[in-house]
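Student: Predicted model and sequence below, questions to follow.
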Amino acid sequence: MNKLNRVLLAGTIALVCASCRTEGLTTDYQVIPLPKVVNVTETEHFRLSSSTHVAYPENNGLLKRNAELLAGYLSQSTGSVHKTKAVAEGERPKNAITLAINPDIANKEGYVITATTKGITIEGQTGNGVFYGMQTLRKALAFPAEAQGAAILLPCGTIEDEPRFPYRGMHLDVSRHFFPVEFVKKYIDMLALHNMNTFHWHLTDDQGWRIEIKKHPKLTEIGSVRNSTVIGRNTGEYDNTSYGGFYTQDQARDIVEYAAERYITVIPEVDLPGHMLAALAAYPEMGCTGGPYETATKWGVFEDVLCLGNDQTMLFLEDVMDEIADIFPSTYIHIGGDEAPRVRWKACPKCQARIKAEGLKADREHTAEDRLQSWCMTRIEKHLNGKGRRIIGWDEILEGDVAPNATVMSWRGSEGGIKAAQMGHDVIMTPNTHCYFDYYQSTHKEEEPLAIGGHLPLEKVYALEPTASLTEEQAKHILGAQANLWTEYIPSTEHLEYMALPRMAALAEVQWTMPEKKDYTDFTLRLLHLTKLYKANDLNYAKHFYPKSDRVATAH
Ligand code: ACM
Ligand code: ZN
């Protein structure tokens, strides 16, 4: 199908004639992220109607759950209820979408869709692959409003697909603003829709500690609340309203399970040794000066950080990590490491004693205090390694001696990631230049809700090349890419969705699609189609890519 036809199809369904109730709505597989190989005919179709059901192999619990999710997706597109049915291994019932495991598919997350006039099969090497095939089918079907009982015609043929990168993430800061469990689940659904497999949950920061730690209850009793919040960008004016919220361990476990059902791993972040004012407000003895401290009420980087010369602080961190590891089964635990000023350590007798006792020395590139931070990161890394876990840290962990098995998250541009990959560390690319979704998405800032600054339009996200400047061998260390959503200026869920969408769609194609298949203009045409699912799922998205007359910012 040529591009013009696709615009018509995606944008207005102008191809639908008055007799569509008998003929059906024709679709294609030009979804986001674009699949690797789409080999279909335009003459034969599978007719998906209200009687189409979803089949799965009996005794396969994973595919049973996938089938239930797919039946829900189908219902959203057709307006009908679709049944699920267990069938014998290898059986391909008529008028059904059959899910199956096929060990010949090479990539763990890869899938093959085969459509004939009789039915559709979605095969994956694992349930993960089948799930991404389901997402492709769901996005191909996205006719929520128009279908209303009409059949949908899916071209016969095959789609073979697999992701470019194994790590495809989105981050969410719930410290600066807190988002309830129901919304976190909606956010996880947004990730699933975009074939993402990792949710990086930034749970602690200066402005609020948001995860229950049973051994240290004051973290949430005191640290989850701030007395007031600055208005605007550190204007000096405050709202004088108490703000708080946290997740119980049961709630966090429920979210982990909800994500796992959608093949998404939750990586928790406890940001240390900086960004710890909320913890210090709860336990002032863990700071170099002893406080008093208060949970931050404005934005920025604060000089008060954890006292690393204090043995109690280190034991506290290990306790926190024990409970975090118990809640979150992910291989990776993110331990932050960004923006930790050294001033307090320089003046603190305990920190200086630690530097001496551990033989931490300054050199031309690093201060002894830089090495003190590395010492802390390495100690926590060893503790987590002992539990079979691995750490991720922001790229500041390259300043000093990098914890030996650390994976580096490159945020101050791509330079840190490039350096880390050259040193042989695994890397996740989240450069602020392309992946900070708290930046403005238009130059018409006066028409936009207040943002932190910057300018990150959709096209720039799309242009990210995570392995640029690396040799083939070094590029193997780039596990993938992620966008970060810091929420200082994002108080509501509508606003959050507006900042995330549709930039998540552009990121999805960076993460999944081979670079030679990427084409921004083509992407925007496919995006028009995807927005039908945004609307159907009550997602607020930015419309800058629309034709000019329709561009209205709708964030609240
Ligand atoms: C960061 O944006 N401070 C990682
Ligand atoms: Zn100290």
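Tutor: The structure has been received and is ready for your questions. Ligands and ions are numbered 1, 2, ... in the order given.
Student: tell me the secondary structure for the residue nearest to residue 87 when sequence neighbours are not counted?
Tutor: Closest residue in space to residue 87, ignoring its immediate chain neighbours: residue 55 at 4.6 Å, by Cβ to Cβ, 6 or more residues apart in numbering. Heads up, the C-betas are built off the backbone N, CA and C, glycines and all. For residue 55, the assignment made with DSSP: H, G, I helix; E, B strand; the rest coil gives strand.
Student: ok, how many other residues are close to residue 320?
Tutor: Counted with other Cβ atoms under 10 Å, residues neighbouring residue 320 total 22.
Student: any chance you could map the helices in the stretch 251-400 of the chain?
Tutor: Taking DSSP state H, counting those that start in this stretch, the helices of the stretch 251-400 of the chain run over residues 277-282, 311-327, 343-347, 349-357, 368-385.
Student: Report the angle between the last one and helix 349-357.
Tutor: So the one you mean is helix 368-385. Per axes from the mean of the first three to the mean of the last three Cα atoms, to 10 degrees, the angle that helix 368-385 makes with helix 349-357 is 80 degrees.
Student: angle of helix 368-385 against helix 311-327?
Tutor: 40 degrees.
Student: which other helices and strands contact helix 368-385?
Tutor: On a contact count with 3 or more Cβ pairs under 8 Å, 6 or more residues apart in numbering; DSSP states H and E, helix 368-385 meets helix 311-327, strand 332-336, helix 343-347, helix 349-357, strand 390-394.
Student: Tell me which of the helices of the stretch 251-400 of the chain lies nearest to ligand 2.
Tutor: Ligand 2 lies closest to helix 349-357 among the helices of the stretch 251-400 of the chain, at 3.5 Å (Cβ to the ion).
Student: and residue 244, backbone torsions?
Tutor: Torsion angles at residue 244 (phi, psi; degrees, to the nearest 10) stand at phi -160, psi -170.
Student: What's the separation between the closest residue to it other than its chain neighbours and residue 519?
Tutor: Once flanking residues are discounted, residue 244 sits nearest to residue 225: 3.7 Å by Cβ to Cβ, 6+ apart. Going from residue 225 to residue 519 by Cβ to Cβ, to the nearest Å gives 49 Å.
Student: the more surrounded of the two?
Tutor: residue 225 (19 against 15).
Student: I figured the more buried one hits residue 242, correct?
Tutor: Yes. Assessed by Cβ atoms under 8 Å, residue 225 is found in contact with residue 242 at 6.0 Å.
Student: In this protein, what helix or strand scores lowest on average pLDDT?
Tutor: Using mean pLDDT, DSSP states H and E, the weakest-scoring helix or strand in the chain turns out to be helix 3-11, at a mean of 41.
Student: re the thing from before, pipe the helices and strands packed on helix 368-385 into CSV and attach distance to ligand 2 and mean pLDDT per row.
Tutor: As requested, those are exported to CSV (distance: least, Cβ to the ion, whole Å; pLDDT from 0 to 100):
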stretch, distance to ligand 2, mean pLDDT
helix 311-327, 8, 98
strand 332-336, 18, 98
helix 343-347, 6, 98
helix 349-357, 3, 98
strand 390-394, 20, 98
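Student: Now render these as JSON lines, adding distance to residue 166.
Tutor: Shown next, in JSON lines, are the helices and strands packed on helix 368-385 (distance: least, Cβ to Cβ, whole Å):
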{"stretch": "helix 311-327", "distance to residue 166": "22"}
{"stretch": "strand 332-336", "distance to residue 166": "12"}
{"stretch": "helix 343-347", "distance to residue 166": "37"}
{"stretch": "helix 349-357", "distance to residue 166": "38"}
{"stretch": "strand 390-394", "distance to residue 166": "14"}
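Student: Out of these, flag the one nearest ligand 1.
Tutor: Taking Cβ to the nearest ligand atom, strand 390-394 is the member of the helices and strands packed on helix 368-385 nearest to ligand 1, at 4.5 Å.
Student: Show me what secondary structure element comes after the closest one.
Tutor: strand 407-410 (DSSP states H and E).
Student: Pull that following strand out as PDB, backbone CA atoms only.
Tutor: The C-alpha trace of strand 407-410 is given here as PDB (Å, rounded to 0.1, in the frame of the first residue of the first chain):
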ATOM      1  CA  THR A 407      25.900  -0.900  34.200                       C
ATOM      2  CA  VAL A 408      26.100   2.800  33.400                       C
ATOM      3  CA  MET A 409      23.000   4.900  32.500                       C
ATOM      4  CA  SER A 410      24.300   7.700  30.300                       C
END
